[in-house]
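# have a look at this prediction, sequence included:
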Amino acid sequence: MLNKLLSTSAAALLLSVAMPASAAVPSLVTDAVPNAQLAGQARYSYLFWDVYDAALYAPQGRWHQTRPFALTLTYLRDFDGAEIAERSVKEMRAQGFSDNESLQRWQKAMTELFPDVSENDTIAGVATAAGTSRFYFNGEFLGEIEEQAFTEWFFNIWLGPKTTEPDFRAKLLNLKEAS
C-alpha cells in the first residue's frame, strides 16, 4: 500500500498544506543540534491522503548539509516500518544512488530500526556533526547508522537537490521557490 500511496510521480502529488508553527523545539532536537530552530515545515500529501507532517530543525534555523540538523516526520496514517525502509531505498535510487550492496545493507538496518507507525507517531532523524544518523520514535532513541554516505543519501530524500519532491524541499528549507 505504501508504494501506491507514495508514488514517485511528482505530477500526482499535492504537497503544500501549510502547517501551524511549532510552539517549541523538541528536546531530542535541542540535545542533538546546537542552537536548534525551526528551518521549515511542510505537509506531505498524496492525492487526498495526508501522509505526514515534516519539520526541519537546524542551527539558527539555517540548514546546511554538513552541520547537525534534525528532521521529524509525524505520521497522519498507519504504516509498516519495513515499508518505510523499502520506500526510503526507492527514493535513494530515484536520486541516482546505485550501489546495490550499500542499499541492501541500509534497507536491512532501517527495517531493523523503523517501527510500524500509527497516526500521530513521530520518527525523528538526526544528522550528527560526525555524519551519522540517529533515529528516534516518539522521543525514544531507536539506534544509529554510522555511515556518512547513508546520512547524505537518506536525508537527501527530502533535502537534496535531486529530491523527487522539489516543492516539498523548498518548504522544508524555507526557500522562496522550488529549485
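Structure received. Numbering: from 1, shown residues only.
# how about the helices in the protein?
For the chain, the helices defined by DSSP state H cover 2-5, 27-32, 81-94, 100-113, 148-159, 166-172.
# could you list the low-pLDDT ranges of the protein?
1-23, 177-179 (pLDDT under 70).
# swap the cut-off to 50 and go again
Low-confidence segments of the chain, defined by pLDDT under 50: 1-23, 178-179.
# centroid-wise, who is the farthest residue in it?
residue 101 (22.2 Å; CA atoms, centre = their mean).
# and that one, how far is that from residue 162?
21 Å (CB to CB, to the nearest Å). Heads up, the C-betas are built off the backbone N, CA and C, glycines and all.
# repeat for residue 59
Distance from residue 59 to residue 162, by CB to CB: 24 Å.
# who has more neighbours out of those two?
residue 59 (16 against 12; other CB atoms under 10 Å).
# give me the nearest residue to residue 27, chain neighbours excluded.
Leaving aside its chain neighbours, residue 27 sits nearest to residue 139 (7.4 Å; criterion: CB to CB, 6 or more residues apart in numbering).
# buried residues, stretch 55-64. List them.
55-59, 63 (16 or more other CB atoms under 10 Å).
# quick check, nearest of those to residue 122?
Residue 122 has its nearest neighbour among these in residue 55, at 9.3 Å by CB to CB.
# which strand residues bridge that closest one?
residue 41, residue 72 (DSSP bridges).
# pretty sure it contacts residue 41?
Yes: Residue 55 is in contact with residue 41 according to CB atoms under 8 Å; the separation is 4.4 Å.
# and residue 139, what does it touch?
The neighbours of residue 139, taking CB atoms under 8 Å, 6 or more residues apart in numbering as the test, are 26-28, 122, 124.
# what's the farthest-apart pair in the residues you listed?
27 and 122 (12.5 Å).
# the more surrounded of these two?
Each of residue 27 and residue 122 has its neighbours counted (other CB under 10 Å); residue 122 has more, 18 against 9.
# the more buried one and residue 135 touch, don't they?
No: in terms of CB under 8 Å, residue 122 does not count as a neighbour of residue 135; the distance is 10.9 Å.
# re the thing from before, how about the helices of the chain, which one is nearest residue 129?
Here helix 27-32 is closest among the helices of the chain (CB to CB), at 9.1 Å.
# circling back to that earlier point, columns distance to residue 73 on top of the helices of the chain, output as JSON lines?
Formatted as JSON lines, the helices of the chain follow (distance: least, CB to CB, whole Å):
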{"stretch": "helix 2-5", "distance to residue 73": "13"}
{"stretch": "helix 27-32", "distance to residue 73": "13"}
{"stretch": "helix 81-94", "distance to residue 73": "9"}
{"stretch": "helix 100-113", "distance to residue 73": "13"}
{"stretch": "helix 148-159", "distance to residue 73": "9"}
{"stretch": "helix 166-172", "distance to residue 73": "11"}
